[in-house]
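Asks: sequence-free structure coming up:
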């Protein structure tokens, strides 16, 4: 679990070149907009959330309590040119929270500033719990896991949208965060890629414990089984989650793994077959309930055509959570559970 993070927030976008590199800040802004009071961008930043541009001093004067490092860069490092801004934020009275792999406290200047100012460094990627290996024993309650054809493809967004839709219908459902952005959004969870590999499935079991028979845990997927770098964490998460149903997430128009262009994305059918083979180790009844499709690259007509074609092809509801909502997927999930 993450330490308590005091709001409102100043979102630090640093010098990110694109939306993908700012997905932590963007996720917080999309799902907890009421907590976001400003943004801080360095020279060269190409992302603008439309929030007030504030310096740390201006943020503190407005009652902002925490600066969140809203960057999700490759390898999760703290760039040297960010350090002065983070130090200034601490010295002006802000806590600083980060979900990067490199800990804030590992940078001497930042650690010294935190000590001088008495402000907190909140590291959501450092689990506070100690986990055991998974045991594979079935537990009560129902579980849905979002899985993807690639990384950074909408698994978190789909899970949050499904939780929201279920709750709007009076269904007892909880989003279970497995990444830093999800933890910032929900205030709880485990950064599963920071867990020692032997304990990933155990961490997933801890994250979605035994529950009432009609309770749904909506578990945020990570990585992809077809990814040469991140398939390991995906497999452990699948085994520990013991999903009753899965939702496949895809970005329309993406044909190869992002950043790994020599690896083509398999067909939907191949993806689903591989995921089910993995999921059925710990839940032999695991099934797919739908497809979540990011259609942001195309217009409305092409998006509608793609959603319809995939739905017919796979005989499953196919939805864009942003364009059309996830109602048909939730309809199918609930009907399968009867």
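Replies: It's in. The model shown is predicted, which means the values in this text are computed figures rather than measured ones. Residues are numbered from 1 along each chain as shown.
Asks: C-alpha only now, for contacts and for neighbours.
Replies: Noted.
Asks: Could you list the buried residues of the helix or strand where residue 304 lies?
Replies: Assigned by DSSP states H and E, residue 304 belongs to helix 300-314. By neighbour count with 16 or more other Cα atoms under 10 Å, helix 300-314 contains the buried residues 303-304, 306-307, 310-311.
Asks: repeat for stretch 67-85
Replies: 67-73, 78, 83, 85.
Asks: In JSON lines, list those along with pLDDT and distance to residue 277.
Replies: Shown next, in JSON lines, are those (pLDDT from 0 to 100; distance: Cα to Cα, whole Å):
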{"residue": "67", "pLDDT": "98", "distance to residue 277": "42"}
{"residue": "68", "pLDDT": "98", "distance to residue 277": "39"}
{"residue": "69", "pLDDT": "97", "distance to residue 277": "38"}
{"residue": "70", "pLDDT": "96", "distance to residue 277": "35"}
{"residue": "71", "pLDDT": "96", "distance to residue 277": "34"}
{"residue": "72", "pLDDT": "89", "distance to residue 277": "31"}
{"residue": "73", "pLDDT": "87", "distance to residue 277": "32"}
{"residue": "78", "pLDDT": "96", "distance to residue 277": "38"}
{"residue": "83", "pLDDT": "98", "distance to residue 277": "45"}
{"residue": "85", "pLDDT": "98", "distance to residue 277": "47"}
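Asks: Adding secondary structure and distance to residue 93, write the residues you listed out as a markdown table.
Replies: Compiled in a markdown table, the buried residues of stretch 67-85 are given as follows (DSSP: H, G, I helix; E, B strand; the rest coil; distance: Cα to Cα, whole Å):
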| residue | secondary structure | distance to residue 93 |
| --- | --- | --- |
| 67 | strand | 10 |
| 68 | strand | 14 |
| 69 | strand | 16 |
| 70 | coil | 19 |
| 71 | coil | 21 |
| 72 | coil | 24 |
| 73 | coil | 26 |
| 78 | coil | 20 |
| 83 | helix | 16 |
| 85 | helix | 13 |
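Asks: Of these, just say which sits nearest to residue 142.
Replies: residue 72 (30.9 Å; Cα to Cα).
Asks: on contacts alone, who are the packing partners of the helix or strand following the helix holding residue 304?
Replies: The first helix or strand that comes after helix 300-314 along the chain, using DSSP H and E, is strand 318-319. Strand 318-319 sits against strand 287-294, helix 300-314, helix 327-336, with contacts defined as 3 or more Cα pairs under 8 Å, 6 or more residues apart in numbering; DSSP states H and E.
Asks: Which one of the ones you listed lies nearest to residue 180?
Replies: Nearest to residue 180, of all the helices and strands packed on strand 318-319, is strand 287-294, at 21.2 Å by Cα to Cα.
Asks: My reading is that residue 135 lies in a strand. Confirm?
Replies: No - checked against DSSP: H, G, I helix; E, B strand; the rest coil, residue 135 lies outside a strand; its state is coil.
Asks: Could you pull out the helices in the stretch 1-150 of the chain for me?
Replies: In the stretch 1-150 of the chain, the segments counted as helices under DSSP state H, counting those that start in this stretch are 23-31, 56-61, 83-91, 108-117.
Asks: Using a markdown table, lay out the helices and strands packed on strand 318-319 together with distance to residue 210.
Replies: Output for the helices and strands packed on strand 318-319, formatted as a markdown table (distance: least, Cα to Cα, whole Å):
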| stretch | distance to residue 210 |
| --- | --- |
| strand 287-294 | 20 |
| helix 300-314 | 32 |
| helix 327-336 | 19 |
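Asks: I'd like these as TSV, with distance to residue 51 and mean pLDDT appended.
Replies: TSV is the format used below for these (distance: least, Cα to Cα, whole Å; pLDDT from 0 to 100):
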stretch	distance to residue 51	mean pLDDT
strand 287-294	25	98
helix 300-314	28	98
helix 327-336	31	97
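Asks: for the ones you listed, which one sits closest to residue 164?
Replies: Closest to residue 164 of the helices and strands packed on strand 318-319, according to Cα to Cα: helix 327-336, at 10.2 Å.
Asks: The closest one versus strand 287-294: what angle between them?
Replies: If you take axes from the mean of the first three to the mean of the last three Cα atoms, to 10 degrees, helix 327-336 sits at 170 degrees to strand 287-294.
Asks: which helices and strands sit right next to helix 327-336?
Replies: Applying 3+ Cα pairs under 8 Å, 6+ apart, one finds that helix 327-336 contacts helix 155-168, strand 287-294, strand 318-319.
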